[in-house]
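In: fold the following, please.
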Amino acid sequence: MGLWLGTGTLAGAVILGALAVARTPEDRSEDASRIIESLTRPQQEADKLPAGALPALGGLGIDPSQTRLLGHSATITYYGAPAGEKLTPSAPPGKTICIIPVAANGEGRSVGCTLLASFESYGLKIENPERTEAGWLVVPAGAETSLKSVRNEGGWTQQAPNFLVRNNY
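Out: Residues are numbered from 1 along each chain as shown. Here you go, the predicted model:
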């Protein structure tokens, strides 16, 4: 009987030891590379913003060496990048992800951003003023569902695993 209790005690210690070693999964909710996978690799030449687009980044905390090419529509090339902790004084704190649309002439006039922590709720969509072209960064593995949700809008195509573009020309 003492041997059985000794073995049971040892088994219990092994189980408790295994539980102590198990780790909580890493929180990646504010890691932009979970959305833009190419951020895990060095920036390529095609990922670099044209010089004319750099002024659009003014004060947003976007490091130009972190931009990545997402895709393009008829007249716009879309880049993605992580941004700083707080974009504006009225914005809630948190890490953000941005889309930088660049016109065919290499100029950027705007940037669209959202909090990484709430990205799953809708992703990040940016449109031109005429609503004829748009880029939509969605949750990885969610592109098919997102495409179905806009099937009545027409013109949407999938250009990357989680980047959709609309051309309505």
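In: could I get the full set of strands for this protein?
Out: 68-72, 76-83, 96-103, 112-115, 124-127, 133-137, 156-160, 163-167 (DSSP state E).
In: so what strands line up beside the fourth one?
Out: Partner strands for strand 112-115, per DSSP bridges, with pairing direction: strand 96-103 (antiparallel).
In: next, the angle strand 163-167 makes with the partner strand.
Out: 30 degrees (axes from the mean of the first three to the mean of the last three C-alpha atoms, to 10 degrees).
In: low-confidence ranges in the protein?
Out: For the chain, the stretches flagged by pLDDT under 70 are 1-29, 85-94, 169.
In: all the helices of it, residue numbers only.
Out: Counting by DSSP state H, one finds helices in the chain at the ranges 2-21, 143-149.
In: how near is the spatially most central residue of the chain to L124?
Out: Computing the C-alpha centroid of the chain and ranking residues by C-alpha atoms, centre = their mean puts I35 first, at 3.1 Å. Noted for I35: a distance of 8 Å to L124, by C-beta to C-beta, to the nearest Å. For glycine as for every other residue, the C-beta is placed from the backbone atoms N, C-alpha and C.
In: so what sits against both of the two?
Out: Listed as contacting both I35 and L124 by C-beta atoms under 8 Å, 6 or more residues apart in numbering are 97, 137.
In: number of residues surrounding S118?
Out: Per other C-beta atoms under 10 Å, the neighbour tally for S118 reads 12.
In: ditto for L116
Out: Applying other C-beta under 10 Å, we find 21 residues neighbouring L116.
In: just checking, it touches G84?
Out: No. Checked against C-beta atoms under 8 Å, the pair L116 and G84 is beyond contact range at 11.7 Å.
In: now for the two: what residues contact both?
Out: In contact with both L116 and G84: 95-96, using C-beta under 8 Å, 6+ apart.
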